[in-house]
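1. Sequence and computational prediction follow.
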Amino acid sequence: MKVIAVVGSASGSGKTKLACAILGAIPGLGAVKISPRGGRPRVEWGAGGAGKDTSRYAASGASLVARIVGPRERVIEAWAGVRGSLDRLRGVVVEGAGALALPAERFTILVVAPESLGERPERDARLAASADFVVVVQTEGAPDADGTNGFVHLAERVPVVRVSQGNEDWADESLFEAVRGFLLGSGKPDRR
(Lines give C-alpha, C1' and ligand atoms only; values in the text may rest on other atoms or scores of the structure.)
Protein backbone atom coordinates (compact mmCIF):
# COMPACT_ATOMS: atom_id res chain seq x y z
CA MET A 1 0.00 0.00 0.00
CA LYS A 2 1.47 3.32 -1.08
CA VAL A 3 0.45 6.34 0.97
CA ILE A 4 0.49 9.94 -0.21
CA ALA A 5 0.56 11.74 3.16
CA VAL A 6 -0.75 15.31 3.09
CA VAL A 7 0.32 17.09 6.27
CA GLY A 8 0.25 20.76 7.16
CA SER A 9 1.79 23.43 9.30
CA ALA A 10 -1.63 24.30 10.77
CA SER A 11 -5.33 23.63 10.63
CA GLY A 12 -6.74 25.49 7.64
CA SER A 13 -3.43 25.46 5.75
CA GLY A 14 -4.97 23.89 2.64
CA LYS A 15 -4.43 20.16 3.19
CA THR A 16 -7.92 19.16 2.05
CA LYS A 17 -7.78 21.40 -1.02
CA LEU A 18 -4.46 19.83 -2.02
CA ALA A 19 -5.70 16.28 -1.31
CA CYS A 20 -8.70 16.95 -3.58
CA ALA A 21 -6.45 18.33 -6.34
CA ILE A 22 -4.37 15.13 -6.24
CA LEU A 23 -7.48 12.92 -6.25
CA GLY A 24 -8.82 14.80 -9.26
CA ALA A 25 -5.55 14.54 -11.18
CA ILE A 26 -4.71 10.89 -10.48
CA PRO A 27 -7.54 8.38 -10.88
CA GLY A 28 -7.74 5.20 -8.84
CA LEU A 29 -6.74 6.57 -5.45
CA GLY A 30 -8.53 6.15 -2.16
CA ALA A 31 -8.67 8.82 0.55
CA VAL A 32 -8.50 8.69 4.33
CA LYS A 33 -8.90 11.59 6.75
CA ILE A 34 -7.24 11.21 10.15
CA SER A 35 -9.13 13.16 12.81
CA PRO A 36 -7.47 13.09 16.23
CA ARG A 37 -10.05 12.85 19.00
CA GLY A 38 -10.36 11.25 22.41
CA GLY A 39 -12.05 7.93 23.04
CA ARG A 40 -11.73 4.64 21.23
CA PRO A 41 -10.52 4.66 17.64
CA ARG A 42 -13.17 4.09 15.00
CA VAL A 43 -13.41 4.03 11.23
CA GLU A 44 -16.19 5.79 9.35
CA TRP A 45 -16.65 4.67 5.75
CA GLY A 46 -18.14 6.76 2.97
CA ALA A 47 -18.42 10.37 2.01
CA GLY A 48 -20.23 11.63 5.10
CA GLY A 49 -22.42 14.69 5.00
CA ALA A 50 -22.22 17.77 2.83
CA GLY A 51 -19.25 19.97 3.58
CA LYS A 52 -17.24 17.18 5.20
CA ASP A 53 -13.68 16.63 3.97
CA THR A 54 -14.59 13.03 3.13
CA SER A 55 -17.45 14.30 0.95
CA ARG A 56 -15.01 16.59 -0.86
CA TYR A 57 -12.68 13.60 -1.45
CA ALA A 58 -15.51 11.59 -3.00
CA ALA A 59 -16.55 14.52 -5.21
CA SER A 60 -12.93 14.84 -6.37
CA GLY A 61 -12.81 11.24 -7.55
CA ALA A 62 -11.61 9.11 -4.64
CA SER A 63 -12.36 5.43 -5.32
CA LEU A 64 -12.95 4.69 -1.63
CA VAL A 65 -13.23 7.10 1.31
CA ALA A 66 -12.77 6.59 5.05
CA ARG A 67 -12.17 8.65 8.17
CA ILE A 68 -10.18 7.45 11.17
CA VAL A 69 -11.29 9.11 14.38
CA GLY A 70 -9.47 8.57 17.66
CA PRO A 71 -6.39 9.27 19.74
CA ARG A 72 -3.15 9.92 17.82
CA GLU A 73 -1.39 7.08 19.58
CA ARG A 74 -4.01 4.59 18.34
CA VAL A 75 -4.12 5.61 14.66
CA ILE A 76 -2.08 2.54 13.66
CA GLU A 77 -4.64 0.29 15.34
CA ALA A 78 -7.47 1.85 13.32
CA TRP A 79 -5.33 1.80 10.14
CA ALA A 80 -5.16 -2.00 10.38
CA GLY A 81 -8.93 -2.08 9.90
CA VAL A 82 -8.81 0.25 6.90
CA ARG A 83 -5.79 -1.05 5.04
CA GLY A 84 -7.28 -4.33 3.81
CA SER A 85 -10.06 -2.50 1.98
CA LEU A 86 -7.59 -0.10 0.37
CA ASP A 87 -4.99 -2.66 -0.76
CA ARG A 88 -6.66 -3.14 -4.15
CA LEU A 89 -6.26 0.55 -4.98
CA ARG A 90 -3.36 2.23 -6.76
CA GLY A 91 -2.58 4.17 -3.58
CA VAL A 92 -4.26 6.26 -0.92
CA VAL A 93 -4.15 9.94 -0.02
CA VAL A 94 -4.08 10.26 3.77
CA GLU A 95 -4.70 13.70 5.23
CA GLY A 96 -3.36 14.51 8.66
CA ALA A 97 -0.11 14.27 10.58
CA GLY A 98 -1.16 10.85 11.85
CA ALA A 99 -0.19 9.57 8.39
CA LEU A 100 3.45 9.87 9.42
CA ALA A 101 2.98 7.01 11.90
CA LEU A 102 1.47 4.58 9.40
CA PRO A 103 3.51 1.48 8.53
CA ALA A 104 3.46 2.03 4.77
CA GLU A 105 5.63 3.22 1.92
CA ARG A 106 4.98 6.95 2.02
CA PHE A 107 5.36 10.12 -0.07
CA THR A 108 4.89 13.10 2.24
CA ILE A 109 3.64 16.47 1.01
CA LEU A 110 3.94 19.31 3.48
CA VAL A 111 1.47 22.17 3.05
CA VAL A 112 2.98 25.28 4.63
CA ALA A 113 0.92 28.30 5.63
CA PRO A 114 3.73 30.76 6.43
CA GLU A 115 1.64 32.86 8.79
CA SER A 116 1.21 29.86 11.12
CA LEU A 117 4.88 28.90 11.32
CA GLY A 118 6.43 29.22 14.74
CA GLU A 119 3.24 28.44 16.64
CA ARG A 120 4.47 24.87 17.23
CA PRO A 121 8.21 24.81 16.37
CA GLU A 122 8.81 21.16 17.36
CA ARG A 123 5.96 20.01 15.15
CA ASP A 124 7.16 22.26 12.31
CA ALA A 125 10.62 20.67 12.52
CA ARG A 126 9.19 17.11 12.54
CA LEU A 127 7.00 17.81 9.53
CA ALA A 128 9.82 19.53 7.64
CA ALA A 129 12.12 16.56 8.24
CA SER A 130 9.55 14.16 6.77
CA ALA A 131 8.73 16.19 3.63
CA ASP A 132 9.34 14.83 0.14
CA PHE A 133 7.59 17.80 -1.49
CA VAL A 134 6.47 21.17 -0.12
CA VAL A 135 3.52 23.34 -1.16
CA VAL A 136 3.72 26.88 0.19
CA VAL A 137 0.34 28.62 0.38
CA GLN A 138 0.92 32.35 0.07
CA THR A 139 -1.59 34.85 1.30
CA GLU A 140 -1.17 38.54 0.72
CA GLY A 141 1.01 40.09 3.42
CA ALA A 142 2.12 36.74 4.90
CA PRO A 143 5.80 36.08 5.61
CA ASP A 144 7.87 34.08 3.15
CA ALA A 145 8.21 30.45 4.33
CA ASP A 146 11.76 30.18 3.00
CA GLY A 147 12.96 32.53 5.72
CA THR A 148 10.79 31.44 8.62
CA ASN A 149 11.63 29.14 11.52
CA GLY A 150 14.06 26.73 9.93
CA PHE A 151 12.11 26.13 6.74
CA VAL A 152 14.83 27.85 4.74
CA HIS A 153 16.53 24.52 4.08
CA LEU A 154 13.50 22.93 2.41
CA ALA A 155 14.12 24.52 -0.98
CA GLU A 156 17.61 23.04 -0.89
CA ARG A 157 16.40 19.53 0.00
CA VAL A 158 13.07 18.89 -1.73
CA PRO A 159 10.94 20.40 -4.50
CA VAL A 160 8.89 23.42 -3.42
CA VAL A 161 5.95 24.95 -5.27
CA ARG A 162 4.00 28.05 -4.35
CA VAL A 163 0.27 28.50 -4.70
CA SER A 164 -1.92 31.48 -3.97
CA GLN A 165 -4.57 31.15 -1.27
CA GLY A 166 -7.03 32.98 -3.51
CA ASN A 167 -6.38 30.79 -6.56
CA GLU A 168 -8.97 28.04 -6.89
CA ASP A 169 -6.73 25.87 -9.07
CA TRP A 170 -3.87 24.34 -7.13
CA ALA A 171 -2.95 22.02 -9.97
CA ASP A 172 0.81 21.80 -10.20
CA GLU A 173 2.04 19.33 -12.78
CA SER A 174 5.45 18.93 -11.11
CA LEU A 175 3.73 17.75 -7.92
CA PHE A 176 1.38 15.43 -9.80
CA GLU A 177 4.33 13.97 -11.75
CA ALA A 178 6.25 13.37 -8.51
CA VAL A 179 3.23 11.55 -7.02
CA ARG A 180 2.73 9.50 -10.20
CA GLY A 181 6.43 8.57 -10.17
CA PHE A 182 6.16 7.42 -6.56
CA LEU A 183 3.07 5.34 -7.34
CA LEU A 184 4.76 3.75 -10.36
CA GLY A 185 7.78 2.84 -8.29
CA SER A 186 10.29 5.27 -9.74
CA GLY A 187 10.94 6.66 -6.27
CA LYS A 188 10.75 10.05 -4.66
CA PRO A 189 12.19 13.35 -5.92
CA ASP A 190 15.96 13.66 -5.54
CA ARG A 191 17.06 15.17 -2.27
CA ARG A 192 19.83 17.56 -3.12
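-> Received, thanks.
2. Could I get the buried residue list for stretch 50-67?
-> The neighbour-count check on stretch 50-67 (16 or more other Cβ atoms under 10 Å) flags 52-54, 56-58, 60-67 as buried. Using the backbone N, CA and C atoms, a C-beta is placed for each residue, glycine as well.
3. Which residue ranges of this protein form strands?
-> 2-8, 29-36, 42-45, 65-70, 91-95, 105-112, 133-138, 160-164 (DSSP state E).
4. coming back round to it: just the ones of the buried residues of stretch 50-67 in helices?
-> 53-54, 56-58, 60 (DSSP state H).
5. Can you add pLDDT and distance to Ala97 and give those residues back as a markdown table?
-> Formatted as a markdown table, these follow (pLDDT from 0 to 100; distance: Cβ to Cβ, whole Å):
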| residue | pLDDT | distance to Ala97 |
| --- | --- | --- |
| Asp53 | 92 | 15 |
| Thr54 | 93 | 18 |
| Arg56 | 94 | 19 |
| Tyr57 | 95 | 18 |
| Ala58 | 95 | 22 |
| Ser60 | 94 | 21 |
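6. Pick the one among those closest to Gly96.
-> Proximity of those to Gly96 (Cβ to Cβ) peaks at Asp53, which lies at 9.6 Å.
7. can you tell me which residues contact that closest one?
-> By Cβ atoms under 8 Å, 6 or more residues apart in numbering, Asp53 lies in contact with 16, 19, 33, 67, 95.
8. got the contact list for the second one?
-> By that I understand Ala19. Contacts of Ala19 by Cβ under 8 Å, 6+ apart are 6, 31, 53, 57, 60, 93, 95.
9. Make sure the fourth one is actually in contact with Ser63.
-> This points to Tyr57. No - counting by Cβ atoms under 8 Å, Tyr57 stays clear of Ser63, with 9.9 Å between them.
10. how about the nearest residue to Ala78, chain neighbours excluded?
-> Distance criterion Cβ to Cβ, 6 or more residues apart in numbering; nearest residue to Ala78, sequence neighbours excluded, is Pro41 at 3.9 Å.
11. hang on, the one you found packs against Pro71?
-> Yes - using Cβ under 8 Å, Pro41 makes contact with Pro71 at a distance of 6.8 Å.
12. Can you lay out the contacts of Asp53 as JSON lines showing distance to Glu177 and pLDDT?
-> Formatted as JSON lines, the contacts of Asp53 follow (distance: Cβ to Cβ, whole Å; pLDDT from 0 to 100):
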{"residue": "Thr16", "distance to Glu177": "22", "pLDDT": "91"}
{"residue": "Ala19", "distance to Glu177": "17", "pLDDT": "94"}
{"residue": "Lys33", "distance to Glu177": "25", "pLDDT": "95"}
{"residue": "Arg67", "distance to Glu177": "29", "pLDDT": "93"}
{"residue": "Glu95", "distance to Glu177": "21", "pLDDT": "95"}
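13. Return the closest of those with respect to Gly46.
-> Lowest distance from Gly46 to the contacts of Asp53 (Cβ to Cβ) belongs to Arg67, with 8.8 Å.
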